[in-house]
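>>> What follows is a protein structure lacking sequence information:
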DNA sequence: ATTAAATCGGATAAAAATATCCGATTTAGC
DNA sequence: GCTAAATCGGATATTTTTATCCGATTTAAT
C-alpha cells in the first residue's frame, strides 16, 4: 500500500504528535525506539518531515522534535502520503496504464474506482491528531507488543 | 498497490485468455507486444503463470500459450495476486505491524478495515474471463493508446 | 534425421528502495 | 567561551525488485 519510508513517516508524525499531547518535545532516539525503526533511517525521514513542515525541530542541547497540535488537527493523513509516495494511491492506474481513464479504461478500472474512492476518502478524512489520540488513549499501538 | 511483476502477470493472463476467446494460441512475442512489456521479463513471468497452472504452454514450432476458458471463468483475480504478491493486500497491516489486529490495532486499523474488505471483495469477485471479455469487446485497453 | 521455432531455467545485470555513516552545524547550560 | 547534546545533509552501502542473457530442451514440419 504505502512505501516503507511512508509507513515510517506516518508513525513518526504520530509519535511526535503524541508526545506533544503531553507538552513534551522528543528526540531522535526516543522516536526511533518508539516506532521500532533504525535510528539513522528515522533521522533521514524526520528531516523530510521537518522540510515539509509537518514537524518542528530544535537543534542543540535539549533540542528535538515536536508538532503544532492545531496543525495536526487539520492535517489529513493524505498530505503526508503525498509527500512520500506521490499521487500513486490517488491517481495511478492499478495496472500502471498512463492512458487509463473512464473513457479508455483498463480492464479493472470500473471495479477498482469505488475502492480507490473510499481509500482516498479515508486518507483525506483522517487527521494526524486523531491518530495520535489513538496512541495517547492507549487504544492503539505503534510498535510490536 | 500490486508489484510491477504482478501487474504484468495480470495483463499476461488477460491477453492470453483474450486470444483463447478467438480460439487462438499466442506466443511470447505477441504477448510482450500486446501488453507492452520487455520480452525477457514477460517470459519469466509467463513461466510462473505456467507453473501455477493459470496458463497452458506448448513447446516447439507453433507452440505458445493459451488458457482453459472454463478455468478463467472461475478464476478470481485474487488467486493471481496471491501468487505474485502473497497475502500483502489481504492481510498485511497498513503500517506494517505484525501485532496489529482488532484487539491491538494500529492507529489506522479501524478506518482501513472496510477499505480492505471492499478491495478483497473486488479481487475475489472478479474473474479473469470477465477481464478478458473487456478487452475482447473493445471496451477496455491493455496498453497505452 | 534435420531444421527452425518455440518454451524453459539458471545465472547475471541494472535500477530502485531501503538503510547507514560521518563530519558539519547549532545551541543550552555551565 | 567551552562543552556536550542535538539536528542537518551529503555520500555511501546494502537489499530488494526489476530486467536481461543465453544455452538447454522440446517439437512440428519437411
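Received it, and whenever you're ready, just let me know what you need. Source: prediction; values computed, not measured.
>>> where's residue A:9, which helix or strand?
Taking DSSP states H and E as the definition, one finds residue A:9 inside helix A:4-21.
>>> Now the element after the helix or strand of chain A with the lowest mean pLDDT, going C-ward?
None of the helices or strands of chain A scores lower by mean pLDDT, DSSP states H and E than helix A:88-91, at a mean of 93. The C-terminal neighbour of helix A:88-91 among helices and strands, as given by DSSP H and E, is helix A:109-125.
>>> Show me which residues of stretch A:4-20 are buried.
Within stretch A:4-20, the residues scored as buried using 16 or more other CB atoms under 10 Å in any protein chain shown are A:6-20. Yep, even glycine has a C-beta here, placed from its N, CA and C like the rest.
>>> The helix holding residue A:9 near DNA strand D at all?
No: applying CB under 7 Å from any atom of the strand, one finds helix A:4-21 separated from DNA strand D by no less than 9.5 Å.
>>> tilt between the next helix or strand after that helix and helix A:4-21?
Next along the chain after helix A:4-21, taking DSSP H and E as the criterion, comes helix A:28-35. Orientation check (axes from the mean of the first three to the mean of the last three CA atoms, to 10 degrees): helix A:28-35 against helix A:4-21 gives 110 degrees.
>>> any residue of helix A:28-35 up close to chain B?
No: interface with chain B: helix A:28-35 contributes nothing (CB under 8 Å from any CB of the partner chain), its closest point being 9.1 Å away.
>>> cool, stretch A:41-52 as well?
No: using CB under 8 Å from any CB, stretch A:41-52 never reaches chain B; the gap is at least 13.3 Å.
>>> measure residue A:30 to chain B for me?
Computed as CB to the nearest CB, to the nearest Å, the residue A:30 to chain B distance reads 18 Å.
>>> Kindly report the residues of chain A close to DNA strand C.
Counting by CB under 7 Å from any atom of the strand, chain A sits next to DNA strand C at A:3-5, A:8, A:38-41, A:43-44, A:58-63.
>>> who wins for neighbours among these?
When these are compared by neighbour count (other CB atoms under 10 Å in any protein chain shown), residue A:8 ends up highest, at 26 neighbours.
>>> ok, that residue - contacts?
Listed by CB atoms under 8 Å, 6 or more residues apart in numbering or on different chains, the contact set of residue A:8 reads A:35, A:37, A:41-42, A:45.
>>> Quick one: buried ones out of the residues you listed?
Burial by neighbour count, 16+ other CB under 10 Å: within the contacts of residue A:8 this picks out A:35, A:37, A:42, A:45.
>>> picking up where we left off before, name the nearest of the buried residues of stretch A:4-20 relative to DNA strand D.
Of all the buried residues of stretch A:4-20, DNA strand D sits closest to residue A:16, with 9.8 Å by CB to the nearest atom of the strand.
>>> distance of that closest one from DNA strand C?
Residue A:16 sits at a distance of 18 Å from DNA strand C (criterion: CB to the nearest atom of the strand, to the nearest Å).
>>> and what of residue A:136?
26 Å.
>>> wouldn't that residue be in contact with residue A:23 here?
No: the pair residue A:136 / residue A:23 is not scored as a contact, 12.0 Å apart, by CB atoms under 8 Å.
>>> Give me the more crowded residue out of those two.
Legend: neighbour count by other CB under 10 Å for residue A:136 and residue A:23, higher for residue A:136 (17 against 8).
>>> which ones are touching the more buried one?
By CB under 8 Å, 6+ apart, the contact list for residue A:136 reads A:18, A:21-22.
>>> swap the cut-off to 6 Å and go again
Shown in contact with residue A:136 (CB atoms under 6 Å, 6 or more residues apart in numbering or on different chains): A:18, A:21.
>>> For the closest residue to residue A:29 other than its chain neighbours, give me the pLDDT.
Nearest residue to residue A:29 in three dimensions, chain neighbours excluded: residue A:39, at 6.6 Å (CB to CB, 6 or more residues apart in numbering or on different chains). Model confidence at residue A:39, given as pLDDT, is 96.
>>> so which pair among the residues of chain A next to DNA strand C is furthest apart in space?
Maximum pairwise distance in the residues of chain A next to DNA strand C, criterion CB to CB, is 34.0 Å, between A:3 and A:61.
>>> what's the neighbour count on the nearest residue to residue A:139 once chain neighbours are set aside?
Residue nearest to residue A:139 in three dimensions, not counting chain neighbours: residue B:105, with 7.5 Å by CB to CB, 6+ apart. Residue B:105 has 21 neighbours, counted by other CB under 10 Å.
>>> again with the one 10 residues further on
The criterion is other CB under 10 Å. On that basis, residue B:115 has 21 neighbouring residues.
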